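**Student:** Curious how this folds, go ahead:
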Amino acid sequence: LHHFHHFSWDHDIKWCIEVVTPPKIDFCFSLLQTMVEYCGFKDGISKLKQVTGHDQHAIQCYIIGIISAAVPCWFLIAVCALVDFHYLTQAPVFT
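**Tutor:** Now for the predicted structure:
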């Protein structure tokens with residue numbers, strides 16, 4: 001589980017930051033009204049250096065909604081597939 005959150009931060013999220021641009025993605029994250037038990041990112045995510053697993057998980061929950069209107073369709077499909085894969089690997093049993 002830790003490996004997938006770390007991989008997602010090092011690759012998936014960094015790709016999203018580059019495609020959307022750091023100022024725009026930071027602005028979008030600063031506007032989020034966070035749910036209970038999720039992290040808020042009032043200064044954005046592009047300048048984060050040390051990220052905990054809890055932060056990585058929260059970013060994974062928000063990233064699809066944040067990038068959906070700002071990226072090409074093929075990029076959104078690829079990121080959705082990667083996020084789905086990360087969640088499916090956590091399933092105890094595949095049916």
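
**Student:** Which positions within whichever strand or helix holds Cys16 qualify as buried?
**Tutor:** Cys16 belongs to helix 14-20 when assigned by DSSP states H and E. Under the neighbour-count criterion of 16 or more other Cβ atoms under 10 Å, helix 14-20 has Trp15, Cys16, Ile17, Val19, Val20 buried. (Glycine included, C-beta is placed from N, CA and C.)

**Student:** can you check stretch 56-72 too?
**Tutor:** Gln56, His57, Ala58, Ile59, Gln60, Tyr62, Ile63, Ile66, Ile67, Val71.

**Student:** One more: stretch 86-95?
**Tutor:** Buried residues in stretch 86-95 (16+ other Cβ under 10 Å): His86.

**Student:** ok, now stretch 19-34?
**Tutor:** Val19, Val20, Lys24, Ile25, Asp26, Cys28, Phe29, Leu32.

**Student:** before we move on, back to that, touching the helix holding Cys16 from outside, list them.
**Tutor:** Ile25, Cys28, Ile45, Ser46, Ile63, Ile66, Ile67, Ala70, Val71, Phe75, Val79 (Cβ atoms under 8 Å, 6 or more residues apart in numbering).

**Student:** Pull up the per-residue confidence for the fourth one.
**Tutor:** Right, the one you point to is Ser46. If you check Ser46, the pLDDT there is 84.

**Student:** my guess is it contacts Asp26, does it?
**Tutor:** Yes: contact criterion Cβ atoms under 8 Å: Ser46 and Asp26 qualify, at 5.2 Å.

**Student:** Contact partners for the residue nearest to the spatial centre of the chain?
**Tutor:** Central residue of the chain (Cα atoms, centre = their mean): Gln60, 3.2 Å from the mean position. Residues in contact with Gln60 (Cβ under 8 Å, 6+ apart) are His5, Ser8, Asp12, Ile13, Val83, His86.

**Student:** returning to what we had before: can you give the distance from the helix holding Cys16 to the centre of its chain?
**Tutor:** Using Cα atoms, centre = their mean, to the nearest Å, the distance from the centre of helix 14-20 to the centre of the chain it belongs to is 10 Å.
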